[in-house]
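1. build me a structure from this.
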Amino acid sequence: MALESLMVPLGTRAPEFALRDLDGRTHRLSDYANGPGLLVVFACNHCPYVKHIENELGAVIADSGVPAVAICTNDADAYPDDKPEGLRAQAERAGWTFPYLIDETQSVGRVFGAACTPDFFLYDARLLLAYRGAFDESTPGNGKPVTGSELRAALAAVRAGKPAPEPQRPSMGCSIKWRAV
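-> Modelled structure (predicted):
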């Protein structure tokens, strides 16, 4: 089911996190405290919305000069394509060079307010939310080219120390696959 992002208020401080990547290394928010910003992308391997943009996403991030992490929050027991081996295959297929983190407890996804995949949270140099919006106008089947134009513009603004462009449209994608509580 397609779902829109929750549009967390701009200026919200980035939540603390400590998650392992696919190679077992732990990444923390503090690792990114002295950079130009941080892009956090909630992603997964099974969702057609993520697959639709995954190649261009890698290029947009590589070109941006802003550090990024992808986080998979989905219940991998219910969605086996989102187990670490599937995520590793996705990162290789898409040419992603940024860390892909696993949120096994789903607590990080909840504290960020992630709702869908893909869901983008771009923080400025002070780690305050500057952008939470769409990648571009393309979705699976709508015939519009995948460009990453909206995220690309936001990344360029943050890199330059400026506010991200407004208005910001919600991202749309597959719902996060939460475990029953």
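
2. all helices for this protein, in order.
-> In the chain, the helices defined using DSSP state H lie at 48-64, 84-94, 107-112, 149-159.

3. and the last one, which residues are buried?
-> It stands for helix 149-159. Of the residues in helix 149-159, 149-152, 154-159 count as buried by neighbour count, 16 or more other CB atoms under 10 Å. Heads up, the C-betas are built off the backbone N, CA and C, glycines and all.

4. nearest to Pro84, of these?
-> Closest approach to Pro84 among the buried residues of helix 149-159 (CB to CB): Leu151, at 25.5 Å.

5. quick one, what contacts Leu39?
-> Under the criterion of CB atoms under 8 Å, 6 or more residues apart in numbering, the contact list for Leu39 reads 61, 64, 66-69, 120-123, 151, 155.

6. quick check, pLDDT for the residue nearest to it when sequence neighbours are not counted.
-> In space, and not counting its chain neighbours, Leu39 is closest to Ala68: 4.0 Å by CB to CB, 6 or more residues apart in numbering. Per-residue pLDDT puts Ala68 at 98.

7. do Leu3 as well
-> The predicted structure scores Leu3 at 67 on the pLDDT scale.

8. same thing with the one 10 residues further on?
-> Model confidence at Arg13, expressed as pLDDT, equals 97.

9. for Arg159, same thing?
-> 97.

10. surely it and Val66 touch.
-> Yes: here Arg159 reaches Val66: they are 5.6 Å apart, a contact under CB atoms under 8 Å.

11. overlap in contacts, those two.
-> 36-37.

12. could you give the bridge partners of the spatially most central residue of the chain?
-> Nearest to the mean C-alpha position of the chain, by CA atoms, centre = their mean, lies Val41 at 0.8 Å. When bridges are assigned using DSSP bridges, the partners listed for Val41 are Ala70, Phe120.

13. wait, it sits on Asp119?
-> Yes: checked against CB under 8 Å, the pair Val41 and Asp119 is within contact range at 7.3 Å.

14. of the buried residues of helix 149-159, closest to Arg88?
-> Closest to Arg88 out of the buried residues of helix 149-159 is Leu151 (23.5 Å), distances taken as CB to CB.

15. how much space separates the closest one from Ala62?
-> As for Leu151, its distance to Ala62 is 13 Å (criterion: CB to CB, to the nearest Å).

16. check Tyr123 too.
-> Tyr123 sits 19 Å away from Ala62, taking CB to CB as the criterion.

17. those two: which is more packed in?
-> Set side by side, Tyr123 and Ala62 give different neighbour counts by other CB atoms under 10 Å, the larger being at Tyr123 (25 against 13).

18. show me the strands in this protein, by range?
-> 2-4, 18-21, 26-28, 38-42, 68-72, 100-102, 116-117, 119-123, 129-131, 172-175 (DSSP state E).
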